Every structure is written in structure tokens, then in C-alpha cells.
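Asks: need a 3D model of the sequence below.
(one chain, ligands or ions: 2)
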Amino acid sequence: MTVKSYPNSTNGTSSGAGSRLKNGSPSYETLTGTLSEAMLPPDLTEGKPKEWPVAVLSREERERQVERAFAGLYRWYVARSQKMRNWNPDSEFEWSRMRTDHSDDVVQLIEGFFAVEQYTPDYTSEILRIVRQSSGRSNFQLRWGAEEERHANTWENALLFSQRRSPEAIEDYKGQLRNNNWTLPWEDPLHMMLYTVFQERATQINYLNFAKIARGESENPAFAGDADPVLARACTLLAVDEAAHYAFFLEGARLYLYYQPEETLQAIHDVISHFAMPAQNIIPNWPVVAETIYRAGVYGPRVFQRDVIGPVFDNLTVTGKKALENGIKRTREIPNDEGTMRSTALWDVFDPGEAERSVMRLHDKIGAYEASVGRAALDPFHFQPNPDWPVA
Ligand SMILES: [Fe+2]
Ligand SMILES: [Fe+2]
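Replies: Ligands and ions are numbered 1, 2, ... in the order given. As a prediction, the model looks like this:
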């Protein structure tokens, strides 16, 4: 048995304790801090040398490693969500102070985002159906669904208090939306993990750009008169949630990339080749919504390339789409029984050293959390290196 040395490992610590509002929710400043932190998930590092024995890692063992990490990441996520983002869509915002004279486009944006988030029961139940074997992933989807549901309710409140749609019109629209049900764009857990990475990042960008309009900072003069602190705060808190969702799914994608690199890179390629935001094919007035979103500069193909694909590739250390295609092609030229060589053919597609360090940092973050609640004494979580990886 050989011993592999790893020069850099990390100790995870939660940052951003920040100030809190009287109801126990974090302050706006704290949430904004959380947002910038989660835009590029923090690398919580302190160097410390470690050594691990290396052996062949079976497929079952790889899957067990991923599952164990998801279980720990889920617990870490819940603790952080309860501490940092425990807000209520009715009481968190001063809805009675919301403006009632917004431009028609702003009202259309609110209605459009309301429509997308209306399908949360479908998103949750459909994804649960394919990840139910994984306790970490399925439990996370419940927590995620609860956070997405409050987005639907936040937008419903914004629409109602804008006084530009009657309660009856909102109910009627809701009924129209619910006549259709959302179905999965991909039927397997790996592709859905990657889909949600891009989707959460895209949603976060949509809300950040809408927040810009609501702060009166849009570069489009048509929105110069739409500043509204209540709406701006709603957009920002939702964007913080989306950033946290993105960070969870990104950690999941990194785990898969480390333990199943070939399948994961293929899934990334598949997802970006067919990506569309959820529910746009079932929202009855989507063409109007999409046109408004595009015209407002909130989202579109260029935004997707620059603010979604770019940062996701950076976070996964993927060099670019062309390298991804070439790497996948090269692995196909190597027989399946040459597992290590197949992995080696992918080293030009992403940075294996950084990909490994990101998984080690995740392990340290989970380990620190589990130690803090006493679990580590009974069920310690050990990092299992992938022996296919090049020695650092
Ligand atoms: Fe959402
Ligand atoms: Fe989300």
C-alpha cells in the first residue's frame, strides 16, 4: 500500500455572524455579506499536512463517500439556514410601504418571477422522486422546497401590495399556472445536480439584476423611476437564498467531479448544451415575461454566458466548453478498463489539484460542524482520496 501526501488541507469555520434584527433574523447588511460570500463559495482554509493510505476505490465506495458527504453537508446547511436566513415572507418586509406606481415592466417582472416560483411543489416532488435513495439529497430537497415556497409567497405579496393585480386576478393566474405541471429536464440524479447548479446561479443573477432596478441603479433609463426599498430588499433576500442553494449544489457537483470525473464532465456538457430556465414552456404568458426580462437587462443569453457559465466553470475549475468537448472525446478513445488513463485524459479539462482541495475543504467544513455538535465522536467523517488523482 502506498501513501499519498496532501500538502494543503483546511479547517472550515462559518463566517459572517453579523448583526441581527429584533425578530432574530440577520440584518440586511449581514445578508448582503452572506450574499457576496456565497457568490463565490468561500474557501475556508488553513494549511495542515495530512497523509492517507491509497487503494483502489470501488464504485460502491465512491458512491458511499458522496452519500456520506451529502448527509453531512445537509446537516451543515440546515444549521446555517436556521441561523442566518430564517425569515418569513409576510413579516420580513414592510409590504404596506411598497410602491403602487411602478412601471408596467416592473409589475410584469414580479408576476413572471411569481409564476416561476409557483411550481415549487412540482420541483420538489419531481426531484425527490429521483433522489429518494439518498437521505442527504432528499432531505435537502425538502428544506430547499420550503425556501423556494417562501419565494413564491414573497412574490405573491409583492404582486398583491403593488395593487396592480387584484386578489381575484392573482388567484385566477395561479390556477392557470397550476393547470400545467413541471417535469424534470433530466431523469437521473447526476444530471439534475448539474442542472440545479446552473439554474440556481441563473436565478440568483435574475434577482440580483432585479434588485439593481429596485435600487434605482438600472442602466436602462426606462427603469429610472422604479426605485423601491421594499422591493429591493425582497430581491436581495431571495438572491441570498439562491446563492445558498447554488453553493449546496456546487459542493455536490464538486463531489461528483472528484469521485466520478468522466460522468460529471459529460453531464456538465449535456446540461449546458440544452439549458433552459425552469417552467418557461408551461407558463401561459412566458413570451411576454421573457421579453420583459430581456429588455430590462435582467437575463438573456449574454448574461447566461458571462454571469452563469463563466462563474460555474471557475468554481468547478473547468477550463471552457471547447476543452470540455475535447476531453470527453479523448476519454472515449481509451478503453473502459483503463480507468486511470481515462481520468488522465481529463486533466486538461479542469484543475485536478484544485478540484481535490475543494473536496478536502468541504470535508473539513463538515468535520468541524459534526465535531461542534458531538457527532464526530460517534461517526467521524474521514476524507477518502481518489487514487486516480495525480500526486500533488
Ligand atoms: Fe427561488
Ligand atoms: Fe433556489
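Asks: quick one: the helices in the stretch 201-350 of the chain, in order.
Replies: For the stretch 201-350 of the chain, applying DSSP state H, counting those that start in this stretch gives helices covering 229-259, 261-273, 286-295, 301-303, 310-316, 321-332, 339-344.
Asks: same list (those) but as TSV, adding distance to D104, mean pLDDT and mean neighbour count.
Replies: Every residue, glycine included, has its C-beta placed from N, CA and C. Below are those laid out as TSV (distance: least, Cβ to Cβ, whole Å; pLDDT from 0 to 100; neighbours: other Cβ atoms under 10 Å):
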stretch	distance to D104	mean pLDDT	mean neighbour count
helix 229-259	15	98	24
helix 261-273	33	95	20
helix 286-295	9	96	16
helix 301-303	22	95	12
helix 310-316	32	97	18
helix 321-332	38	88	16
helix 339-344	54	71	16
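Asks: nearest to ligand 2, of the ones you listed?
Replies: helix 229-259 (3.8 Å; Cβ to the ion).
Asks: and that closest one, is it in reach of ligand 2?
Replies: Yes - counting by Cβ under 5 Å from the ion, ligand 2 is contacted by helix 229-259 at E242, H245.
Asks: my read: M192 touches Q199, true?
Replies: No - counting by Cβ atoms under 8 Å, M192 stays clear of Q199, with 9.6 Å between them.
Asks: shared neighbours, the two?
Replies: Jointly contacting M192 and Q199 under the rule Cβ atoms under 8 Å, 6 or more residues apart in numbering is no residue at all.
Asks: tally of neighbours for A146?
Replies: Around A146 sit 12 other residues, with neighbours defined as other Cβ atoms under 10 Å.
Asks: which ones are touching Y294?
Replies: Contacts of Y294 (Cβ under 8 Å, 6+ apart): G300.
Asks: brain fart, L208
Replies: L208 makes contact with C235, A239, according to Cβ under 8 Å, 6+ apart.
Asks: A253: what's it in contact with?
Replies: Contacts of A253 (Cβ under 8 Å, 6+ apart): M193, L194, V197, T264, I268, L316.
Asks: what's the farthest-apart pair in those?
Replies: Distance extremes for the contacts of A253: the farthest pair is M193 and L316 at 11.7 Å, using Cβ to Cβ.
Asks: around ligand 1, pick out the residues from the chain.
Replies: So the chain meets ligand 1 at E148, H151 (Cβ under 5 Å from the ion).
Asks: so where is the chain shaky, pLDDT-wise?
Replies: Applying pLDDT under 70 to the chain picks out residues 1-55, 338-340, 392.
Asks: need the residue closest to the centroid of it.
Replies: Y246 (1.5 Å; Cα atoms, centre = their mean).
Asks: that one reaches V197, doesn't it?
Replies: Yes - between Y246 and V197 there is a contact under Cβ under 8 Å: 6.8 Å.
Asks: and E94, how far from A232?
Replies: 12 Å (Cβ to Cβ, to the nearest Å).
Asks: I'd guessed P261 sits against W347; true?
Replies: No - using Cβ under 8 Å, P261 makes no contact with W347, being 9.4 Å away.
Asks: TSV for the helices of the stretch 201-350 of the chain, including distance to H151?
Replies: Converted to TSV, the helices of the stretch 201-350 of the chain look like this (distance: least, Cβ to Cβ, whole Å):
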stretch	distance to H151
helix 229-259	5
helix 261-273	22
helix 286-295	16
helix 301-303	20
helix 310-316	21
helix 321-332	30
helix 339-344	39
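Asks: counting neighbours, what do you get for the residue of the stretch 51-200 of the chain at minimum distance from ligand 2?
Replies: Nearest residue of the stretch 51-200 of the chain to ligand 2: E200, at 4.9 Å (Cβ to the ion). By the other Cβ under 10 Å criterion, the neighbourhood of E200 contains 23 residues.
Asks: got it, and R375?
Replies: 16.
Asks: need the contact list for it.
Replies: Neighbours of R375 in contact, by Cβ under 8 Å, 6+ apart: R75.
Asks: likewise the one 4 residues further on?
Replies: Residues in contact with D379 (Cβ under 8 Å, 6+ apart) are E370.
Asks: confirm that it sits in a strand.
Replies: No - counting by DSSP: H, G, I helix; E, B strand; the rest coil, D379 is not found in a strand; it is coil.
Asks: quick one on the thing from earlier: what is the nearest of the contacts of A253 to F381?
Replies: Ranked by distance to F381 (Cβ to Cβ), these are led by M193 at 20.1 Å.
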